[in-house]
Structure formats: structure tokens, C-alpha cells
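In: Just need the structure, nothing else, for what follows:
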Amino acid sequence: MQDNKKHEFYLTCERYYIFELLTLAAGMMGLYTLNLRGGVFCNAQTGNIALMSMELGKGNLSNALYYLIPFSAYVAGTVVSEIMPNKIKRLLFIRWDTFLIGFEILALIIVGFIPLGWPDQIVQVIINFVCSMQYNTFRQAEGLTIATTFLTNHVRQMGIYLVNFIREKNLEARKKFIKHLQIIIIFFIGGVISTFAGGVFHERGIWLAVLPLLICFIFMLYADLVTERTKLNMKPHGH
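Out: Residues are numbered from 1 along each chain as shown. Predicted coordinates for the structure are as follows:
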């Protein structure tokens, strides 16, 4: 069983370094909206739902209903990322995963041109939409469940694998503990970079998040067109 797992084939879109780059970009996106676009963390929806319930509890119905906008954008992102993969492969002969990264790059370039004086909701909806698609599309990195857009599950998994390692001296548990810790550190670094860039470049600071995405796109496009061209119909693990 261990030997089969050791030799299991993973697509380029499942490689751990791809997930590291996606996490770096997500850390930048999350802190960008938190610092510059309305103080909202757009990578996940727990905060928005909590704020909606708080506003409703205070009797502010109109404020509460506002949070349905980012929530709906997140749901729409999930729906699109469920519907589009096969259509993209048929039309463009590349994976949905690759197309999505290209779409994210374009979306972030557009966001950088939107002045800070414009309604924050425009950028929030865009970031909600792309983060939802990224989260739903990229699920497992070389067999390890990874969320690239937020960290709660990584903190939980760290605790689980730490206990397993201490109790059983399980080297595989130690390895997974380190992997989850690395994701947390990378997200943190992305947040630091984004905060600094936002202070210097303002709305265009988001363009730094394009760099890790561009690296992902190049590697994944090359795989689709050359090294993994015959594996286009192979689904990534976790789908």
C-alpha cells in the first residue's frame, strides 16, 4: 500500500509548490481587501455571515442585507467552478485549473486599475468570486487536503498531526504537520507583502499577487500543452 502511494502520479496542478504559490497570492488578496477595500476579508465567508447576523441583531436590516452581495458572489464562484471544467477542456484544450489562474491574473490586473475612491463592493465581489473558484478548484496537493485561501483548517490539522507524531512517533504525521505549517507561514508572508505594497502602491499593490499566479500559469500551461497533454481528462485528486 505504501509503495503504491509513493509512486502515485500527481498532475502539475496538484503539486505542492503550486499550492504554495496560490496561498501566497491568496494572502495578498485577503489583506488587500482588509487593508484597502472596506476592511473585509474576502477569501472566506465566515466573517461576512457573522457581520450580517450582527447587523440584523442590531436591527439594521439594510446593512445586514448588504452582506448577501459578497456571500452570493462566493456561491456563484463555486457554481461556476463546478460547471466549467469540462466545457473549458472541450473548447480550449487546457485544464479548467489553468484557465482559472489566467482568469485570476486578468481580474487582479483590472482590480489594480479601480481607484480607491470607488465603492469597495466592486473589488470585494471580484475577490470573493475568484477566491471561491480557487478554493473549490484546488483541493489536494499531492494527496494532502489544502485550502489555499484561508487557514482555519490548517491550524486544526497541525494540532492533529502534532499529537499523532508525539504519541506514535509517526514520521508521516510530522511531515504533514510541517506542510500545514508552511502553508500558514506562506499566507502570513503574503499578508505582510500585501500590507507593505498597499501602503506604497495603494490600489495597484494587488499587482504583486499576479507574480505567483503567473508562475503557476506558466508551469500549468506547459503541462497542459506538452508534458500532460495526453492526461487532459484525468481529474485531480479530491474531485
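
In: Show me where the chain has its helices.
Out: In the chain, the helices defined using DSSP state H lie at 2-6, 16-36, 46-57, 61-66, 68-92, 96-112, 120-137, 152-168, 171-201, 210-222.

In: could you point out where the chain is predicted with low confidence?
Out: In the predicted model of the chain, residues 1-6 satisfy pLDDT under 70.

In: ok, the residue located most distally from the centre of it to residue 233 distance?
Out: Relative to the centre of the chain, and counting by Cα atoms, centre = their mean, the farthest-placed residue is residue 59 at 33.7 Å. Using Cβ to Cβ, to the nearest Å, one obtains 54 Å as the distance from residue 59 to residue 233. Yep, even glycine has a C-beta here, placed from its N, CA and C like the rest.

In: With residue 31 instead?
Out: 37 Å.

In: can you check residue 18 too?
Out: Distance, residue 18 to residue 233, using Cβ to Cβ: 20 Å.

In: So for those two, which residue has more residues nearby?
Out: Counted by other Cβ atoms under 10 Å, residue 18 and residue 233 do not tie: residue 18 has more neighbours, with 25 against 8.

In: Figure out which of the helices of the chain is closest to residue 237.
Out: For the helices of the chain, proximity to residue 237 was assessed by Cβ to Cβ; helix 2-6 is nearest, at 11.4 Å.

In: Tell me what the residue nearest to residue 16 when sequence neighbours are not counted is bridged to.
Out: The shortest distance from residue 16 to any residue that is not its chain neighbour, by Cβ to Cβ, 6 or more residues apart in numbering, is 4.5 Å, and that residue is residue 141. Following DSSP bridges, residue 141 is listed with bridge partners residue 144.

In: dump the residue contacts of residue 141.
Out: Counting by Cβ atoms under 8 Å, 6 or more residues apart in numbering, residue 141 touches 14-16, 18-19, 179.

In: And residue 17, by the same measure?
Out: Under the contact definition (Cβ under 8 Å, 6+ apart), no residues are listed for residue 17.

In: do the same with the one 5 residues further on
Out: Taking Cβ under 8 Å, 6+ apart as the criterion, residue 22 is in contact with 134, 138, 148, 212-213, 216.

In: Try it again at 10 Å.
Out: Contacts for residue 22 were tallied using Cβ atoms under 10 Å, 6 or more residues apart in numbering; they are 13, 101, 104, 134-135, 137-138, 141, 146, 148-149, 183, 186, 190, 212-213, 216.

In: Equivalent analysis for residue 212, please.
Out: Applying Cβ under 10 Å, 6+ apart, one finds that residue 212 lies in contact with 18, 20-28, 101, 186, 190.

In: rerun that using 8 Å as the cut-off
Out: Taking Cβ under 8 Å, 6+ apart, we find residue 212 in contact with 21-22, 24-25.

In: now swap in residue 157 and tell me
Out: Residue 157 sits in contact with 145, 176-177, 180, where contact means Cβ under 8 Å, 6+ apart.

In: Tell me which two of the residues you listed sit farthest apart.
Out: For those, with distances taken as Cβ to Cβ, the pair at the greatest spread is 145 and 177 (13.8 Å).

In: Between these two, which is the more surrounded one?
Out: Legend: neighbour count by other Cβ under 10 Å for residue 145 and residue 177, higher for residue 177 (21 against 14).

In: just checking, the more buried one touches residue 165?
Out: Yes. Look at residue 177 against residue 165 with Cβ atoms under 8 Å: they come within range, at 6.2 Å.

In: For residue 142, grab phi and psi.
Out: Taking degrees, to the nearest 10, you get phi 50, psi 40 for the backbone angles of residue 142.

In: Is it in contact with residue 18, as I believe?
Out: No. With contact taken as Cβ under 8 Å, residue 142 and residue 18 are classed as non-touching, separated by 9.8 Å.
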